[in-house]
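J.: Quick one: sequence and predicted model below, then my questions.
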Amino acid sequence: MDFMIDENKLDGVVGKFLDRYFKDEEINYTHPYDVMFDEETGGHYEGENPEVLIYYIGDYDEDDYLFKIYFKGYWSDKTDAGQKRISESPLLTIDEELYNTLDGMFGDNWKQGFRKWFKNKYDIEVNKIR
């Protein structure tokens, strides 16, 4: 059965869906431990990468996440691809299963509602979702 949802109300519907979808879940986040490149010195160093946040449920497993958000400082501006990613940042990637669920329910129209929900929940404005 198809339903028509007014465009103005769709963001709220998406937000309510996400609240119910994660109702009993405690979503945690971490900055992943990474090897990074220092452009000033040309050297590498290890540590928590402040330019990435990984959101997950339960115990952290780097291969199993809900969302990853990449900030502008994550990307190198030395390549065209890096410059493109910088312009898209903060860039949010979503777990494939959740992405497909949202796409199946709302078509490509869920992303603005997701951005609003994410901003309300985590106080981060997302520029692009993929």
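T.: Sure, I can see it.
J.: three-state assignment of Gly47?
T.: Taking DSSP: H, G, I helix; E, B strand; the rest coil as the rule, one finds Gly47 in the strand state.
J.: Give me the distance between it and Ile54.
T.: 15 Å (CB to CB, to the nearest Å). Placement of C-beta: from N, CA and C, glycine included.
J.: These two: which is more packed in?
T.: The neighbour count for Gly47 versus Ile54, taken as other CB atoms under 10 Å, is higher for Ile54 (20 against 10).
J.: Next, that one: phi, psi?
T.: phi -120, psi 120 (degrees, to the nearest 10).
J.: Report the contact partners of it.
T.: Taking CB atoms under 8 Å, 6 or more residues apart in numbering, we find Ile54 in contact with 29-32, 60, 62, 65, 67-68.
J.: any idea which of those has the most stuff around it?
T.: Phe67 (21 neighbours).
J.: and that residue, what are its bridge partners?
T.: Beta-bridge pairing of Phe67 under DSSP bridges involves Tyr55, Ile94.
J.: pLDDT at it, what is it?
T.: Per-residue confidence (pLDDT) for Phe67: 94.
J.: Pull the contacting residues for Asp61.
T.: Applying CB under 8 Å, 6+ apart, no residues qualify as near Asp61.
J.: From Asn49, how far off is it?
T.: Taking CB to CB, one finds Asp61 at 17 Å from Asn49.
J.: same question, Tyr56
T.: 15 Å.
J.: Just the pLDDT at the residue nearest to Gly113 when sequence neighbours are not counted, thanks.
T.: Nearest residue to Gly113 in three dimensions, chain neighbours excluded: Val14, at 2.9 Å (CB to CB, 6 or more residues apart in numbering). pLDDT recorded at Val14 is 96.
J.: Much appreciated, bye for now.
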